[in-house]
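1. Take this sequence and fold it.
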Amino acid sequence: APTPRSSAPSPRPTFDAELLRAYMKKLLQTTLQSAAWPEPRDRDRVKSWMKEIGERVKERSLEIQPRDCAKYIVMTQINENLGQGGRADMVCHWEDSDVVAQEVYSNNSIICICVAFAVRTI
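-> Reported below is the predicted structural model:
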C-alpha cells in the first residue's frame, strides 16, 4: 500500500528555519533594544523599523536558500507595550518542506512580532 502523503518524507530540501530564527532573534534585539514607542509626530520611525526588519529577514532567507526554490513572506508588527496580553495562532495547509519561523521581542515600551514563511515553489 502507498504511504500516506502526510507521513511520506519530502524529496525537497527543507529550509533551515532554526538558522533564520536565530538571526531574527539577534536582529530584533540589536534593532530594538533601545527603541521606545515614539510620539505621534515621530510614528514614521515605527514604519522604518518594520521595513528594515522585514527586508533584512527576507535577505537572510535568500542567503539561506536562493529565490528560485521558494517564496518568502515576512510579516512584522510593532505595538506599543502597555502591559496588555495577546495571543495569535495560525493554521496552514502546505508541503512538508514549507516552514515558518517566528520571533517576539519586547521591552518596556514596545512589542515586536516577526513571522517569516518559506514556501517551496519547486
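2. Looks to me like residue 73 is in a strand.
-> Yes. Under DSSP: H, G, I helix; E, B strand; the rest coil, residue 73 falls within a strand.
3. beta partners of the closest residue to it other than its chain neighbours?
-> With sequence-adjacent residues excluded and distances taken as CB to CB, 6 or more residues apart in numbering, residue 73 is closest to residue 117, at 4.3 Å. No exception for glycine: its C-beta is placed from N, CA and C like everyone else's. As for beta bridges, residue 117 partners with residue 73, residue 100 under DSSP bridges.
4. wait, what's in contact with residue 104?
-> 111, 112, 113, 114 (CB atoms under 8 Å, 6 or more residues apart in numbering).
5. Can I get the longest helix anywhere in the chain in PDB, CA atoms only?
-> For the chain, the longest helix by residue count, based on DSSP state H, is helix 44-64. What follows is helix 44-64, C-alpha atoms only, in PDB (Å, rounded to 0.1, in the frame of the first residue of the first chain):
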ATOM      1  CA  ASP A  44       7.300  57.000  10.900                       C
ATOM      2  CA  ARG A  45      10.100  55.700  13.000                       C
ATOM      3  CA  VAL A  46       8.000  52.500  13.700                       C
ATOM      4  CA  LYS A  47       7.300  52.100  10.000                       C
ATOM      5  CA  SER A  48      11.100  52.400   9.400                       C
ATOM      6  CA  TRP A  49      11.900  49.700  12.000                       C
ATOM      7  CA  MET A  50       9.300  47.300  10.500                       C
ATOM      8  CA  LYS A  51      10.600  47.900   6.900                       C
ATOM      9  CA  GLU A  52      14.200  47.400   8.000                       C
ATOM     10  CA  ILE A  53      13.400  44.200   9.900                       C
ATOM     11  CA  GLY A  54      11.300  42.800   7.100                       C
ATOM     12  CA  GLU A  55      13.800  43.500   4.400                       C
ATOM     13  CA  ARG A  56      16.700  42.100   6.400                       C
ATOM     14  CA  VAL A  57      14.800  38.900   7.300                       C
ATOM     15  CA  LYS A  58      13.900  38.500   3.600                       C
ATOM     16  CA  GLU A  59      17.500  39.000   2.500                       C
ATOM     17  CA  ARG A  60      18.700  36.400   5.100                       C
ATOM     18  CA  SER A  61      16.100  34.000   3.800                       C
ATOM     19  CA  LEU A  62      17.500  34.400   0.300                       C
ATOM     20  CA  GLU A  63      21.000  33.800   1.600                       C
ATOM     21  CA  ILE A  64      19.900  30.600   3.300                       C
END
